[in-house]
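Asks: I need the structure of the sequence given here:
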Amino acid sequence: MALTDSKKTMWKRISTFAILSVFIFLLYLVFDKLSTFDYLDVLGKVKSVPSSGLWAAVGFTAVGYLCMSGYDYLGQRYVKKMVSWPKTLLVSFYSYSLGLNVGVSWLSSSAVRFKLYQ
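Replies: So this is what the prediction gives:
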């Protein structure tokens with residue numbers, strides 16, 4: 001059963017409203033959780049970490065994301081649909097960042113990959 005143009009438009013508006021509603025709700029949750037922290041206290045704790053430790057953390061994080069993008073590359077080889085390496089790095093970074101921070105990675109990461117690899 002094919003959808004008419006008016007039904008497609010209606011579903012597009014409903015889905016846009018739902019996505020915006022969830023996004024606004026998530027912003028509220030983040031603001032609510034972050035309002036319990038003192039900005040100056042957090043800044044003081046970060047400054048107390050030696051700069052070598054911060055640079056090591058940044059480096060290990062970059063290497064970790066580079067390794068995880070290798071999984072996307074191997075997946076592309078398996079399905080025989082190759083995408084440029086810069087796009088693979090970007091899509092894998094987005095999807096892993098979302099999946100590891102939001103949770104439900106099988107759903108959130110997959111949705112990002114599906115949309116961005118099209």
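Asks: Could you check how far A18 is from W11?
Replies: Look at A18 and W11: by C-beta to C-beta, to the nearest Å, they are 10 Å apart. Every residue, glycine included, has its C-beta placed from N, CA and C.
Asks: now Y96
Replies: Taking C-beta to C-beta, one finds Y96 at 30 Å from W11.
Asks: between those two, who's got more neighbours?
Replies: Y96 (20 against 11; other C-beta atoms under 10 Å).
Asks: Contacts only, for the more buried one.
Replies: Neighbouring residues of Y96 by C-beta atoms under 8 Å, 6 or more residues apart in numbering: Y65, M68, S109.
Asks: Does it lie in a helix or a strand, and which?
Replies: helix 85-102 (DSSP states H and E).
Asks: Would you enumerate the residues in contact with D72?
Replies: T88, V91, S92, S95, R113.
Asks: same thing but 6 Å
Replies: By C-beta atoms under 6 Å, 6 or more residues apart in numbering, the contact list for D72 reads T88, S92.
Asks: in the helix or strand where it lies, what counts as buried?
Replies: In the assignment (DSSP H and E), D72 maps to helix 51-79. By neighbour count on 16 or more other C-beta atoms under 10 Å, the buried set for helix 51-79 is M68, S69, D72.
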